[in-house]
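# Would you be able to build a 3D model of this:
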Amino acid sequence: MPAHSASTTPTRRRVGSLLAACAVATGLWAGPLAVPASAEGAASRVVVDGSLAKDGTLVVTETITFSGAAPAELEQQLETRENLVGDRQYVQEVSAVTGTAGGDPATPAVEVDGRFTTVTLPTGGASEVTLGYTVTGAVVNLEGGETALRWPLLQGLSVSVDQFEGTVQIPGAFSYVKCTAGPPNSTVPCEVASAGTENARVPTFRDGPRGQGEVVVVDIGFPAGALTANEVVDRRWTVGRAFSADPLPLGLALGLLVLGGLALLLVHRRRGSDQRTASGEVGRVAEFAPVAAGQSEFRVVDDIRPGHIGTVADERVDPIDITATLVDLAVRGHLLITELPRETEFGRTDWDLTRLSGADELKPFERSLLDGIAPAGGNVLVSQVAERVQASVGDVQDKLYDEVVANGWFERRPDAIRNRWTQLALSALIAAVVVTVLLAAFTTFGLIGLALVVLALGLVFVAQEMPSRTAKGTALLGGLGALRSDLMSQPTSQLPPGRELDEISQVLPYTIVLGGRDRWLDALVSADDDDDADATDLSWYHGPAGWHLRDLPDSLRNFVTTVTGSLFSR
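Residues are numbered from 1 along each chain as shown. As a prediction, the model looks like this:
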């Protein structure tokens, strides 16, 4: 039994080796004849036949063969816009799209979207389908009158391709044949690009395999006169094109800026410049009139108030003008400013404003201010001014603007003139922006729109300068300059003895508007010749217990800052 087993084993080994050898031999014999199976949904072969007419029209017929299972739909995306250097584009048009599936007509769906024409063909499971279309715009001009056909015979297929073959029937002689293959914009030459024989000049191209969406682009050149170019060159939108700096748009924009700038200057000179005075006349506002040797007192001319001065100086009713008016009303006996003790060491300072019956007549804007802040016999804390001022300051401003017109310093209210010109300027700015958008979107003259925007912004600036003073107002403005010079240089030691506090108090409201306040406050402090508390030494400003005149500079600065800030915060 063991002997029998030993003799059987070698026999089985020999039989196995013989079978293995036969299998190898069979594989070697059958290998060259075997066809590799294509992946499902892949094209084993794509054959493209092109026919180019003398007028540049190209008719393309594609035959796609599937060796495996065909996809339910075949999609091809044809690019019909090619970007060139700068902002130019070649534009092609695809038309007369047809299709078959398994030899039967099939209706492809065509969708044009921007730079692509997408064709979708139902295959019905057929192993062979065809697509046909006509292209115009694929023949372009070259230098010297030569032309060239440039078109991807294979492009945008939704399946991969094992083998590609293409031919183009041409209407005459050609000068060169080129072909590139690979991803879009590839510069790699395709496998074969030939021109046929002497008797059959048919450009032929082969390549493969190619992945889904890859291209085979043919480029066939023709001598001058052999073929009519039908290229269509379009301009695509770019910022550089929209705002071109070519000589024409740049020159027009610069010319517009120059002429527009001169026009703005002329308008400002004619409508916004102050009228001139006769022989440089200067209107007096206030003066330090001599009353004795080495002594002078402060006198206001024609009841010109600090509010008037601020409005004529900058053509606006500012919070500082109203603050100076409050101090002036206090000095003239219509208001008492009382500084309250702080609730804590580091608490905020507050003041009580008490309405009094002054001796002189109030201007309309002054009465409106007092009535709005502190009605007759009433009082208000500065911390509450912001709440009351909203209902009164508008009326104060109106009356003050009306007064500067009634006094002949302006022909019309400065705020009304400024508002009218500002509205015009803003309308011009909006129109300029709209024009700029339209010019940039549809033309190369966007720089002209930018020039209009710059001029409109210039008009916005000029609008703020448009209120113009009359000759009388110009004279008053000159007088304000003279008064400011006096406030900054007049010796503070030349006030009548015993009247220093009253005289300096009259000066202070005008210094709040024109400057020089600190030197006059220092003079008032110097007038204090004792160490006693001075809480009630001033008729218009009272301090808390233990308050001295030397504290007035800080107290008044805090008062001005607080009130002005309250008015700004409204």
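
# which residues pair with the nearest residue to Leu157 once chain neighbours are set aside across the strands?
For Leu157, the nearest residue in space outside its immediate sequence neighbours is Gln76; the separation is 5.4 Å by C-beta to C-beta, 6 or more residues apart in numbering. To be clear about C-beta, it is placed using only N, CA and C from the backbone, and glycine gets the same treatment. Beta bridges link Gln76 to Val119, Leu157, judged by DSSP bridges.

# per-residue confidence at Gln76?
The confidence metric pLDDT takes the value 96 at Gln76.

# And it, how close does it get to Asp234?
Distance of Gln76 to Asp234, given as C-beta to C-beta, to the nearest Å: 23 Å.

# coming back round to it: and the residue nearest to Leu157, how far from Leu149?
From Gln76 over to Leu149 (counting by C-beta to C-beta), the distance is 19 Å.

# Ok, Pro319 next?
Distance of Pro319 to Leu149, given as C-beta to C-beta: 78 Å.

# Those two - which one has more neighbours?
When neighbours are counted by other C-beta atoms under 10 Å, Pro319 and Leu149 differ, and Leu149 comes out ahead with 24 against 19.

# So the more buried one belongs to a strand, correct?
Yes: with the criterion set as DSSP: H, G, I helix; E, B strand; the rest coil, the secondary structure at Leu149 is a strand.

# So for stretch 332-352, mean pLDDT?
90.

# got the end-to-end distance for it?
Taking C-alpha to C-alpha, to the nearest Å, the span from the opening residue of stretch 332-352 to its closing residue is 17 Å.

# in that stretch, what's buried?
By neighbour count, and taking 16 or more other C-beta atoms under 10 Å as the criterion, the buried residues in stretch 332-352 are 332, 334-340, 349-351.

# Give the helix, strand or coil label for the nearest residue to Leu439 once chain neighbours are set aside.
The spatially closest residue to Leu439, leaving aside those adjacent along the chain, is Gly449, at 4.4 Å (C-beta to C-beta, 6+ apart). Reducing the assignment to helix, strand or coil with three-state DSSP, the entry for Gly449 is helix.

# One more: Val159?
Under three-state DSSP, the three-state class of Val159 is coil.

# got the contact list for it?
Val159 sits next to 41-43, 64, 66, 71, 74, 212 when contact means C-beta atoms under 8 Å, 6 or more residues apart in numbering.

# Quick one, which of those are buried?
Looks like the contacts of Val159 have 41-43, 64, 66, 71, 74 buried, using 16+ other C-beta under 10 Å.

# Can you show me the strands along the stretch 201-350 of the chain?
Taking DSSP state E, counting those that start in this stretch, the strands of the stretch 201-350 of the chain run over residues 204-207, 215-222, 233-235, 286-292, 295-300, 335-339.

# Sorry, wrong one. I was asking about the stretch 1-150 of the chain.
Taking DSSP E, counting those that start in this stretch, the strands of the stretch 1-150 of the chain run over residues 45-52, 58-65, 73-79, 81-83, 88-91, 93-101, 104-105, 109-113, 116-122, 128-136, 139-141, 147-154.

# For Asp371, see how far away Ser468 is.
Using C-beta to C-beta, Ser468 is found at 32 Å from Asp371.

# Looking at the two, which one has more neighbours?
More neighbours sit around Ser468 than around the other of Ser468 and Asp371, counting by other C-beta under 10 Å; the figures are 21 against 16.

# Nothing else from me, thank you.
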